[in-house]
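Undergrad: Need a 3D model of the following:
(2 chains)
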2 protein chains.
Amino acid sequence: MKNRLNRELPDSLPEIGQLRPYNGAFAAIPDMRRCAPKVKYRFPGNKKLREDLESVFDEIPVTDGMTLSFHHHFRNGDSLVNQVLDIASRRGLKNLRIALSSVFPVHAPMVAHFKDGTVTYLDTDYMSGPVAAAVSQGLLANPVMFRTHGGRARAIECGDLHIDVAFIAAPTADEYGNLNGTEGPTACGSLGYAFPDMEYADCVVAVTDSLVPYPLQKVSIPQTRVDYVVTLPSIGDPKGIVSGTTQVTKDPVQLKIASLASQAIVASGLLKNGFSFQTGAGGASLAVASYLRKVMKQKSIVGSFALGGITGYLVSMLEEGLFERLIDVQGFDLEAVRSLKSNPNHLEVGAGMYANPFNSGCVVNQLDCVVLGATEMDTRFNVNVVTGSDGHIMGGSGGHSDAAAGAKLTIVTANLLRSRLPILRDDIVTITTPGETVDILVTEYGIAVNPRRQDLIERFTAAGLPLMTIEQMKSLAEEIAGVPEPISLSEKIIAVVEYRDGTIIDVVYQPAG
Amino acid sequence: MKNRLNRELPDSLPEIGQLRPYNGAFAAIPDMRRCAPKVKYRFPGNKKLREDLESVFDEIPVTDGMTLSFHHHFRNGDSLVNQVLDIASRRGLKNLRIALSSVFPVHAPMVAHFKDGTVTYLDTDYMSGPVAAAVSQGLLANPVMFRTHGGRARAIECGDLHIDVAFIAAPTADEYGNLNGTEGPTACGSLGYAFPDMEYADCVVAVTDSLVPYPLQKVSIPQTRVDYVVTLPSIGDPKGIVSGTTQVTKDPVQLKIASLASQAIVASGLLKNGFSFQTGAGGASLAVASYLRKVMKQKSIVGSFALGGITGYLVSMLEEGLFERLIDVQGFDLEAVRSLKSNPNHLEVGAGMYANPFNSGCVVNQLDCVVLGATEMDTRFNVNVVTGSDGHIMGGSGGHSDAAAGAKLTIVTANLLRSRLPILRDDIVTITTPGETVDILVTEYGIAVNPRRQDLIERFTAAGLPLMTIEQMKSLAEEIAGVPEPISLSEKIIAVVEYRDGTIIDVVYQPAG
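TA: Residues are numbered from 1 along each chain as shown, chains lettered A, B, ... in the order given. Below you'll find the model as predicted:
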C-alpha cells in the first residue's frame, strides 16, 4: 500500500503488526480509550528498596520477550542501559524489546546484544553512533520503530507501546520512590521523557546513586507509580549530556542562514510580546536565538516561553527577562540543569505535555515559531532527519515532527549543500516530517516559502527578503554540485518511521552493499 | 449477606449495583486494570476558553443522568456547585449524579434539587449541614455513596466512579487550562482532591475568576487534561475554608485528653527524628500538636512530615523547623494557603498519592501517627464518624479510615460522653473505620489500648500511663450516664459506607420517626 505521501509500505511487519498509512498531519482522529495499566497495591510497612538490580530481575521477574524501557536524559553520559542489558545478557535472556527514548554512541555495547539475540527489537525516537550503524548494517533482527517524542508518549498512553518494566535513572530518589533529576551528584535536569513510562509500565524500577530521606522535596516522578528503588554506584555522567556544541556558531555560512531565519521571524509578525520559540542545541540554532535576542532587547519584547531541549543560551534569555518561562522536557547542558533546579520560571514537563497530539492540548500547539534542521528536503517541503543521503541512519525525529506540526511558523535551516551534495531532492531517502507542516526553508542563498503560506510570501516580499521558489533553490544547488546519483538500497526494511499520530509516514531500507 | 464485621448488607442497591462485603482492612487484593479514559485531541489553534457555563453545557452536551464531579477545596466557601446545579436545574436536567468530595452547609440549595429530581444520586466523602439533614430525612432518591478520600481516588482510578464532566474551581488558570489553587484573589491552596477527577473524567471544565497569561508558572493541574476554561465573577469565598476552630482548645477536658494522647505518642517510641504525623483541624487535635511541639523543641526532634488537611498550626511547626515537610492534600485555613504558595517544603499532593490504597504506595503508608475523632466507638475499636448516636448523618470518613489504615499508631481521642451519652457502645450505629486499624482510644479518664497491640500496652504500662481496658472504659461511661437506649431506625437505606478498598463496611438506615 501507499500512504498519502506516496511512500510504499508493507501491510504489516513482524514484531510491529499492521501498519496504518499516514494520511495527513491532522487526519487521524482518535476514537479509543487510553491504555489501562495494572492496578497495583502496597501495604503499610512494605518496602521498595532492593539490594541490587539482580534481585529486581528475580522478583519481577524479567523474562524473555519483555519490553524494557529507559529514558535518555543522560544522553551520551547514560550508564544504566548498558548495566541493565549486561545483567539481562548474563542471565541468558533473549528477544528483549528495548524502548529507549534516544540512543547515543555510549550505547555501543547494545550491538553485541543484537548479535547474540538478547535484544531483537528497538523502539526509539533518535539514534546515532555504533547502534545506528549496526541497524544500518542489518544487525538487528527486526525493524526499528522510530517514533517522535510526542508520538512515543501517545503510543504509551494509547497502548501501542506496552512497557513491561521501566527502568528510570533517577539522580535523586527517596526510598519510597519519589524521584527528581535536578538534585544529587549526577543531576541531569528534566526527567520528562520518563513520565509516560512511569505512568503506564507494568513495573517501574527507579535506579539512583543518591538516596535521600523521605519525603523528597521536589517530586518529578511520584512514589505512587514506582515499585522498586535500587541504588547503584553510578547511573551516568552528566558531562555526557552535552553532545556537540552548545555555543553560537562562528561559521560565516551558518551565521548567514541564522540571520536570514531571524529576519524571516521578524517579518512574519510573530516576534512581539508573548512570542514563543523552540530551537535545538546546535551552533546554528543558537545563532538564530542570538539574533532574536538582539531584536527582542532592542524592541523591549518579552516572549512568553521557550520550549524543548533547553540550553544555557535559553537560560540566559530567561534570566535577562526575554522570556517569561522555559518549558523543559530535556536539558541539553548543565546550565539548563542548574536553572531547572533553582528558577521557578523554568518548568519541567513530561513528553505527553510537551508534544502528545492525543491529549487535551500539548505545549507545541502553543508555539509561535520553531527552527529545525534537515538532512534532506524534497520540493514538497517533506523533511528527512532519520537517514543521511547515503541511506544510513543518523538521527531521528525526536521532537522535529511534533514542533513542526504545532508551531505557527516552522523554519527549516540548512546549508544548501551537505557533504558537497544538494540537500534538495525530487525524492528524499526517508520522510520524517511532512511538508504540510513546514513553512520555510532557509539556506545561505535565500528563503523558499511553502506555497501553502501565501501570507508569508507577501510579508517576506514586503520586507525585501531574498525569496526563491523551492524549485529555483533546487536548481541552484544542482548548478553548483550537479544532480546527485540515486543511492542504492536493498529490499530489507530496517526501520519504520511512525508519524506522531501513530500512522506510518515511511520505512527505511537497508543501504545496499 | 453479612460482612466480616457482622454488618448486614443487601446484595445490591439501585444506582450502586452489587455490593462487595468488607473482609478486613488489607484483605482486598486488586486484580484488575485501571479505568481507561477517553483519548482526546486538540489541534493547534483550537481554543479552550468559553464564554460561560451555559455554552459548555451546550457543547459537551450535559445530559440527563450524567455524573458531574466537584472538589471541596473551598469547603464552606464554595460557590461553583450551586452555580452549576442552578444551570442544570434551569435547563430541566434530571437524574444527575453528583460526585462532590465533601458537602458543606453552603451547599444547602442542593436540597431543592433533590426534591425536584435534578439530582438523584450523591457520591461524597463527608457531609454536614442541610444536605446531610435532607439525606437523613430520606429526601434523596437513592442512597448516598460514602467513600474515604483515598477510596474516592481509588474508585475513580479503578473505574467504580465514572465521571462524565468534572467541574474544577480553579483560583488561577491560563487560557489553555493550566491551573493552580495558590494564586489569585480566591486562592484556596491545594487542589489535591481534583487530581483524580481531571485525570479520568470524560470531560474537564476549569472554572476560574482569575485568568492569567499562558503559561502559568506553577501548574497543579495541567492543560493536557483540561478541555474547557470558563471565567466567572466568583468561584468561592476562601474565608469559608476555615470551618470551625483552628485554634488550640482552651477546654480543660479536651486539654487533658490531648495531653494524654501526646504522652502516649511519646511512650510509643515513635517521637524521634523522622517522626511523621497527621491530625485534624479541631481545637483538640491542635492541642495534641501543641504538646508534641513542646516535646520536639525540648528534645530537638525534627519530624519528617506532617500530612493531611493542613492548618496554620502545622505551618508554624514547619517554619520552626520541627517538620521537614508538609504534605498537603487540603488547606484548612489561609495560613496553609500562604505557605503552600511560598514554601518549597510545603508539598501539594493529589488524593491518590495521599491515600489511595491501590497504587504503588500512598503517603498514609508512611505515617507514624495519626490522631482522629469519633462520634461513637464499640468495644472492638470500630469507629463511627458518619452518623451521630441519634442515627442522623453528621460527617463522613474523609481521610479517617485511610490514615488509620496507614499509620503505625492510630489514636482516637474523644470525650467519654457526648451530649451526655457514652460514646462507647456494644454496637454503634455505623461502622466507618474498622477496629483492626485503630490502636488506642484516649478519653479524659485514660487510655484503652486495642488488645492487638500488646507492645503498646507494655510501653504505656512502663511509662505509667493511665490504662484501662475498653470494657472498663465503657463500664465507667455507663456508671456515669447509664446505658443508652437503642435508637430506632427505619428499614430504608439512606447511605452506603464504602471502605477505602471498595468493599462495603456498613450501610446507614434512615432514623425512624
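
Undergrad: Buried residues of stretch A:111-119, list them for me.
TA: Of the residues in stretch A:111-119, A:111, A:113, A:114, A:118, A:119 count as buried by neighbour count, 16 or more other Cβ atoms under 10 Å in any protein chain shown. Every residue, glycine included, has its C-beta placed from N, CA and C.

Undergrad: What segments of the stretch 101-250 of chain A are strands?
TA: Here the stretch 101-250 of chain A has its strands, by DSSP state E, counting those that start in this stretch, at A:119-124, A:144-146, A:165-170, A:172-174, A:179-180, A:203-208, A:211-212, A:228-231.

Undergrad: Could you tell me how far the residue nearest to residue A:130 when sequence neighbours are not counted is located from chain B?
TA: Closest residue in space to residue A:130, ignoring its immediate chain neighbours: residue A:108 at 4.0 Å, by Cβ to Cβ, 6 or more residues apart in numbering or on different chains. According to Cβ to the nearest Cβ, to the nearest Å, residue A:108 and chain B sit 34 Å apart.

Undergrad: give me the number of residues near residue A:424?
TA: 26 (other Cβ atoms under 10 Å in any protein chain shown).

Undergrad: Ends of stretch A:344-352, what's the gap?
TA: With Cα to Cα, to the nearest Å applied, stretch A:344-352 spans 21 Å between its terminal residues.

Undergrad: Going by neighbour count, list what's buried in that stretch.
TA: Across stretch A:344-352, burial judged by 16+ other Cβ under 10 Å covers A:345, A:346, A:347, A:348, A:349, A:350, A:351, A:352.

Undergrad: out of those residues, which touch chain B?
TA: The subset of the buried residues of stretch A:344-352 within reach of chain B, by Cβ under 8 Å from any Cβ of the partner chain, is A:345, A:347, A:349, A:352.

Undergrad: Please name every helix or strand in contact with the helix or strand encompassing the second one.
TA: If you go by DSSP states H and E, residue A:347 is part of strand A:346-348. Under the contact criterion of 3 or more Cβ pairs under 8 Å, 6 or more residues apart in numbering or on different chains; DSSP states H and E, the helices and strands touching strand A:346-348 comprise strand A:323-331, helix A:334-342.

Undergrad: Out of the ones you listed, flag the one nearest residue B:74.
TA: The minimum distance between residue B:74 and these falls on strand A:323-331, with 27.9 Å, by Cβ to Cβ.

Undergrad: For chain B, tell me whether that closest one is touching it.
TA: Yes: using Cβ under 8 Å from any Cβ, we find that strand A:323-331 touches chain B at A:324, A:325, A:327.

Undergrad: what about residue A:30, how many residues close to it?
TA: Residues near residue A:30, counting by other Cβ under 10 Å, number 17.

Undergrad: To chain B, which of the strands of the stretch 101-250 of chain A lies closest?
TA: strand A:203-208 (7.1 Å; Cβ to the nearest Cβ).

Undergrad: What helices and strands are in contact with the closest one?
TA: Helices and strands touching strand A:203-208, by 3+ Cβ pairs under 8 Å, 6+ apart, are helix A:53-59, strand A:165-170, strand A:172-174, strand A:228-231.

Undergrad: now, of these, which is deepest in the fold?
TA: Greatest average neighbour count among the helices and strands packed on strand A:203-208 goes to strand A:165-170 (a mean of 29), per mean count of other Cβ atoms under 10 Å in any protein chain shown.

Undergrad: Run through the helices of the stretch 151-300 of chain A in chain order.
TA: Assigned by DSSP state H, counting those that start in this stretch, the stretch 151-300 of chain A shows helices spanning A:195-200, A:252-268, A:283-298.

Undergrad: Determine which stretch of those is the most buried.
TA: helix A:195-200 (a mean of 26).

Undergrad: Give me the domain ranges for chain A.
TA: As given by automatic domain parsing, the domain ranges for chain A are A:47-241, A:252-488.

Undergrad: buried stuff in the helix or strand containing residue A:471?
TA: Here residue A:471 is covered by helix A:470-481, with elements defined by DSSP H and E. Neighbour counts over helix A:470-481 (16+ other Cβ under 10 Å) mark A:470, A:473, A:474, A:476, A:477 as buried.

Undergrad: Mind giving me the packing neighbours of that helix?
TA: strand A:417-418, strand A:421-422, strand A:424-425, strand A:440-443, strand A:446-449.

Undergrad: Alpha carbons of it, as PDB, please.
TA: The C-alpha coordinates for helix A:470-481 follow below in PDB (Å, rounded to 0.1, in the frame of the first residue of the first chain):
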ATOM      1  CA  ILE A 470      11.900  25.700  -3.800                       C
ATOM      2  CA  GLU A 471      12.400  24.600  -7.400                       C
ATOM      3  CA  GLN A 472      14.700  27.500  -8.000                       C
ATOM      4  CA  MET A 473      16.600  26.700  -4.900                       C
ATOM      5  CA  LYS A 474      17.000  23.100  -6.000                       C
ATOM      6  CA  SER A 475      18.200  24.200  -9.500                       C
ATOM      7  CA  LEU A 476      20.700  26.400  -7.900                       C
ATOM      8  CA  ALA A 477      22.100  23.500  -5.800                       C
ATOM      9  CA  GLU A 478      22.200  21.300  -8.900                       C
ATOM     10  CA  GLU A 479      24.000  24.000 -10.800                       C
ATOM     11  CA  ILE A 480      26.700  24.100  -8.100                       C
ATOM     12  CA  ALA A 481      27.000  20.400  -7.400                       C
END
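
Undergrad: which residues sit against it?
TA: Contacting residues not belonging to helix A:470-481 are listed as A:379, A:381, A:416-417, A:420-426, A:441, A:443, A:445-446, A:448, A:450, A:468 [Cβ atoms under 8 Å, 6 or more residues apart in numbering or on different chains].

Undergrad: Quick one: mean pLDDT for it?
TA: Helix A:470-481 shows a mean pLDDT of 97.

Undergrad: Turn the strands of the stretch 101-250 of chain A into JSON lines, columns for mean pLDDT.
TA: JSON lines is the format used below for the strands of the stretch 101-250 of chain A (pLDDT from 0 to 100):
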{"stretch": "strand A:119-124", "mean pLDDT": "98"}
{"stretch": "strand A:144-146", "mean pLDDT": "98"}
{"stretch": "strand A:165-170", "mean pLDDT": "98"}
{"stretch": "strand A:172-174", "mean pLDDT": "98"}
{"stretch": "strand A:179-180", "mean pLDDT": "98"}
{"stretch": "strand A:203-208", "mean pLDDT": "98"}
{"stretch": "strand A:211-212", "mean pLDDT": "98"}
{"stretch": "strand A:228-231", "mean pLDDT": "98"}
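
Undergrad: what does the stretch 51-200 of chain A have sitting close to chain B?
TA: Neighbours of chain B within the stretch 51-200 of chain A, by Cβ under 8 Å from any Cβ: A:157, A:158, A:176, A:177.

Undergrad: how near is residue A:14 to chain B?
TA: From residue A:14 to chain B the distance is 27 Å (Cβ to the nearest Cβ).

Undergrad: Now do the contacts for the residue nearest to that residue when sequence neighbours are not counted.
TA: Leaving out its chain neighbours, the residue that sits closest to residue A:14 by Cβ to Cβ, 6+ apart is residue A:142, at 5.9 Å. Taking Cβ under 8 Å, 6+ apart, we find residue A:142 in contact with A:13, A:14, A:15, A:16, A:120, A:121.

Undergrad: what about the last one, neighbour count?
TA: Other residues within reach of residue A:121 by the criterion other Cβ under 10 Å amount to 21.

Undergrad: For it, name its beta-bridge partners.
TA: Beta-bridge pairing of residue A:121 under DSSP bridges involves residue A:97.

Undergrad: Kindly give the local confidence score, pLDDT, for the closest residue to chain B within the stretch 401-513 of chain A.
TA: Per Cβ to the nearest Cβ, residue A:406 is where the stretch 401-513 of chain A lies closest to chain B, at 5.1 Å. Residue A:406 carries a pLDDT value of 98.

Undergrad: Just to check, it is in contact with residue A:366?
TA: Yes: proximity of residue A:406 to residue A:366 meets the contact threshold set by Cβ atoms under 8 Å, at 7.4 Å.

Undergrad: hmm, back to that, from the contacts of residue A:142, list just the buried residues.
TA: If you count burial by 16+ other Cβ under 10 Å, the buried members of the contacts of residue A:142 come out as A:13, A:16, A:120, A:121.
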